[in-house]
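Q: please work out how this folds:
(chains A and B)
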Amino acid sequence: MESTAKFTKSMVECSLLDKELGRPFKPGTRREATPEWDKDKCVRCGLCYVYCPDGAIYRTEDGFFEADTDKCKGCGICHRECWFGVISMVKED
Amino acid sequence: MDKFSLFVPNFLPFKEYFVPEKNIACSGCGLALAIRQTYKALEAVIEKAEWVKAGDGKLFARLFDKSPMGNSEPSLLRIKKTGGELIICFDNEAGGSLEEAVKKAMPAIAVAEGFRYVATACPSYPFDLYEKVKKGLEAEGKAYIHILCPCPVAWQFDPELTVKIGRWAVESRAFPLYEVGSASAYHLAVTTAKPRPLADYLKPQYRFAEISEQQIADLTTTVESDYKKLTDKIQPE
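A: This next block holds a predicted model:
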């Protein structure tokens, strides 16, 4: 098939699932900023929870959300995806 | 109180199967996001899921015969089920060229191979992805799902844009979300009356920093004609 050669190049080339090559994530490392929620504006929709790649965001008992600082890598997707501009990324010292 | 709250993930399982302690994902990884969402959909059969190398699958044995990726990491998720299997390809366009970024041959080949259920999905539309993986599990016979995973490192964009880039890919019609069920019935999951300009999708990626206006215009023509072909296959209900 003609398209075969082209096609192979676009496959995944990532060591994400390679246990031997990769170094597992050390809790609390690799982070520049942490998300912070403004509880006055938050409507508790949970979109931040859905879009977190690391599953770092969890729901507290009162329905608001918080990031587990051991898991968060500070990518800022939650900050970008929040419809109400509730989440701000706070730089760490 | 909980009854009245507008809580989006009420429809998803809460348990996390793909957690950072066990993986080495970069910050803002689209692949990790896609796998996390997929694993939630696979909840009941998660023990049956196995990661295979590109050459191991039956369909792919032929396609990847001379693949340079032959001995590399596993990249396909295979779930055995009664009467067939579900194959999920997580595509992050590693080493992909400009043409490949706007043209996906894989789902079309799977349809030609006689797969009973073929779909494209993107983690920017999590509930769509969830539904499609569920459908793939329930479908009779073989099923194939192609998931576009934006990669901030290879595509060279800001990690916080991961979800947006995936959405722009769909809105600009470069990666239309569709599914092909039994009897080759096509269904388009996300329709945009007025497409987003292709430049919105390509420009934030620094791997395409040197792309010219002419190239974008040419690609837009390709994308539009492909989209036309796709919509022509959809039977009016």
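Q: quick check: longest helix in chain B by residues?
A: Longest helix in chain B, counting residues (DSSP state H): helix B:213-233.
Q: quick one: residues contacting the residue most central in space within chain B.
A: Nearest to the mean C-alpha position of chain B, counting by CA atoms, centre = their mean, stands residue B:147 at 1.4 Å. By CB atoms under 8 Å, 6 or more residues apart in numbering or on different chains, the contact set of residue B:147 is B:34, B:38, B:88-91, B:120-123, B:129. Backbone N, C-alpha and C define where each C-beta goes, glycine included.
Q: just checking: which of those also lie near chain A?
A: Residues shared between those and the neighbourhood of chain A are B:89-91 [CB under 8 Å from any CB of the partner chain].
Q: which residues of chain A fall in helices?
A: Under DSSP H, chain A gives helices at A:4-8, A:47-51, A:77-81.
Q: out of the contacts of residue B:147, who's nearest chain A?
A: Within the contacts of residue B:147, the smallest distance to chain A is 5.6 Å, found for residue B:90 (CB to the nearest CB).
Q: residue B:46: neighbour count?
A: Using other CB atoms under 10 Å in any protein chain shown, residue B:46 has 14 other residues around it.
Q: can you give me the distance of it to chain A?
A: As judged by CB to the nearest CB, to the nearest Å, residue B:46 and chain A stand 15 Å apart.
Q: next: residue B:201.
A: The spacing between residue B:201 and chain A, counted by CB to the nearest CB, is 16 Å.
Q: could you say which helix or strand holds that residue?
A: helix B:198-202 (DSSP states H and E).
Q: so for that helix, mean pLDDT?
A: Throughout helix B:198-202, pLDDT has a mean value of 90.
Q: now do residue 64, the pLDDT please.
A: Let's take chain A. So residue A:64 comes in at 88 (pLDDT).
Q: I was thinking of chain B, sorry if that wasn't clear
A: Value for residue B:64, per-residue pLDDT: 38.
Q: same check, this time on residue B:55
A: 49.
Q: what do you get for residue B:167?
A: pLDDT, read off for residue B:167, is 92.
Q: grab the nearest non-local neighbour of it.
A: Among residues not flanking residue B:167 along the chain, residue B:124 sits closest, at 4.3 Å (CB to CB, 6 or more residues apart in numbering or on different chains).
Q: got any ranges where chain B has weak pLDDT?
A: B:1-6, B:20-24, B:53-75, B:94-97, B:100, B:183-184, B:235-237 (pLDDT under 70).
Q: isn't residue B:101 up against residue B:202?
A: Yes. Using CB atoms under 8 Å, residue B:101 is in contact with residue B:202, at 7.3 Å.
Q: can you give me the helices for chain B?
A: B:30-41, B:58-63, B:98-102, B:106-112, B:126-138, B:162-171, B:198-202, B:213-233.
Q: need the overlap of contacts for residue B:101 and residue B:202.
A: residue B:208.
Q: tell me which residues of stretch B:114-129 come out buried.
A: B:115-126, B:128-129 (16 or more other CB atoms under 10 Å in any protein chain shown).
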